[in-house]
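>>> Prediction below, plus the sequence it came from.
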Amino acid sequence: MAQNERRFVREGNDYYYEQQYDKAEELYQKAANENSSSYEAAFNVGNARYRQEKYGDAASAYKSLIKSQTDPNKLAECYFNLGNSQLGSCMQMVEQQKLDGAIAMADSALLSFKNSIINNPRNQQTKYNYLYTKKLIEALKQQQQQQQQNPQQDQQNQDQNQNQDQDKENQNQEPDADGDGIPDRVEQGDNPSHPRDTDGDGTPDYKDNDSDNDGIPDSKEAGNDPKNPQDTDGDGMPDYRDTDSNNNGIPDGEEARAISPEDAERILEAINKADAETQKKVKEEDSKSKVKHDKQW
């Protein structure tokens, strides 16, 4: 059983690194079936689901795994990935204009990151995601409030979406194999018989939804006029092929996941200040009641 488990995990890893996440998930699940107590197999099932944007299924995998773990490091890993999965579901709800559900899911993600920090306070990336999620919740609540204050906003959004759909329909009059809005003739390059493959993954750009493999879809990086894709830093390389489109030294993939270091620092200072005030009150209560209180994040 142990040999079969390890074999399935290794084969799953091969598919995972080749970005064939559905096949990887199948093999990881076989490994988990061979050994129901295998942390690696169950953890990788969640990772493969996350990569397929099956965020709800990924979250279920991490939640089940959390129930059986006592090691703080493993719990921190599970809660961290659970938070990321919940953020993924949140962003899907935002795109669907389901703000109530998006805010609730972001709150769940915030709690997951908090639990991860409790189990591993040294992980800076988790703290960064925690701060990002707090700021996201504030932004979503502001957007929700604006919509409630302006009843015409929903109609305006619908009109805007209809215009965007019409623009996409007009853009799709030209062949567009991957449906990203950028015509195949643009993505293929100067030699259509040897089409361009920016990230060298074996899939030419005109069939690849993420040509530079930075985690941001080409449709988003193309800009308002996909027939003439935007080039933010003006270096001659359009954003959908440029892994640092604004030439600030930070890969686009990292910038898409996180808030700016300056904002993160300001939010962290505010959290620390609030925590210090809370601890002061706790100490004052301790001196009165002579009862000890554990620090809560």
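Yep, that arrived.
>>> Outside of the helix or strand harbouring residue 9 itself, list whatever touches it.
According to DSSP states H and E, residue 9 maps onto helix 2-17. Contacts to helix 2-17, defined as C-beta atoms under 8 Å, 6 or more residues apart in numbering, come from residues 21, 23-28, 30-31, 34-35, 38, 40-41, 44, 47-48, 51. C-beta: built from backbone N, CA, C; applies to glycine.
>>> With stretch 226-246 instead?
171, 174, 180-183, 186, 198, 205, 211-214, 218-219, 221-224, 247, 250-253.
>>> Equivalent analysis for stretch 215-224, please.
Defining contact as C-beta under 8 Å, 6+ apart, one finds that stretch 215-224 is touched by 178-182, 187, 205, 208-211, 226, 229-230, 238-240, 245, 252-253, 256-257.
>>> how does it look with 10 Å?
164, 167-168, 171, 178-182, 186-187, 198, 205-206, 208-212, 214, 226, 228-232, 238-243, 245, 251-257 (C-beta atoms under 10 Å, 6 or more residues apart in numbering).
>>> now it, how far from the centre of its chain.
Centre-to-centre, stretch 215-224 and its host chain are 15 Å apart (C-alpha atoms, centre = their mean, to the nearest Å).
>>> Any buried residues in that stretch, and which?
Neighbour-count burial for stretch 215-224 flags 216, 218, 219, 221, 222, 223 (criterion: 16 or more other C-beta atoms under 10 Å).
>>> quick one on the thing from earlier: select only the buried ones of the contacts of helix 2-17 in ChimeraX?
The ChimeraX command for the buried members of the contacts of helix 2-17 (criterion: 16+ other C-beta under 10 Å) is given here:
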select :21,24,25,26,27,28,30,31,34,35,38,40,41,44,47,48,51
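>>> would JSON lines of the buried residues of stretch 215-224 with secondary structure be doable?
As requested, those are exported to JSON lines (DSSP: H, G, I helix; E, B strand; the rest coil):
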{"residue": "216", "secondary structure": "coil"}
{"residue": "218", "secondary structure": "helix"}
{"residue": "219", "secondary structure": "helix"}
{"residue": "221", "secondary structure": "helix"}
{"residue": "222", "secondary structure": "coil"}
{"residue": "223", "secondary structure": "coil"}
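>>> Looking at those residues, which is nearest residue 86?
residue 216 (20.2 Å; C-beta to C-beta).
>>> From residue 72, how far off is the closest one?
Applying C-beta to C-beta, to the nearest Å, the value for residue 216 to residue 72 is 33 Å.
>>> ditto for residue 179
44 Å.
>>> Please parse the chain into its domains.
Here the domain parsing of the chain from automatic domain parsing is 2-147, 175-257.
>>> among the ones you listed, which gets the worst mean confidence?
Among these, domain 175-257 has the lowest mean pLDDT, at a mean of 84.
>>> For it, what is the distance to the chain centroid?
Relative to its chain's centre, domain 175-257 lies at 19 Å (C-alpha atoms, centre = their mean).
>>> repeat for stretch 53-71
16 Å.
>>> What residues sit buried inside it?
Residues of stretch 53-71 classed as buried under the neighbour-count rule (16+ other C-beta under 10 Å) are 54, 55, 57, 58, 59, 60, 61, 62, 65, 66, 69.
>>> mind pulling up the phi and psi values for the first one?
Same thing as residue 54. phi -90, psi 70 (degrees, to the nearest 10).
>>> thought it was touching residue 47?
No: judged on C-beta atoms under 10 Å, residue 54 makes no contact with residue 47 at a distance of 11.1 Å.
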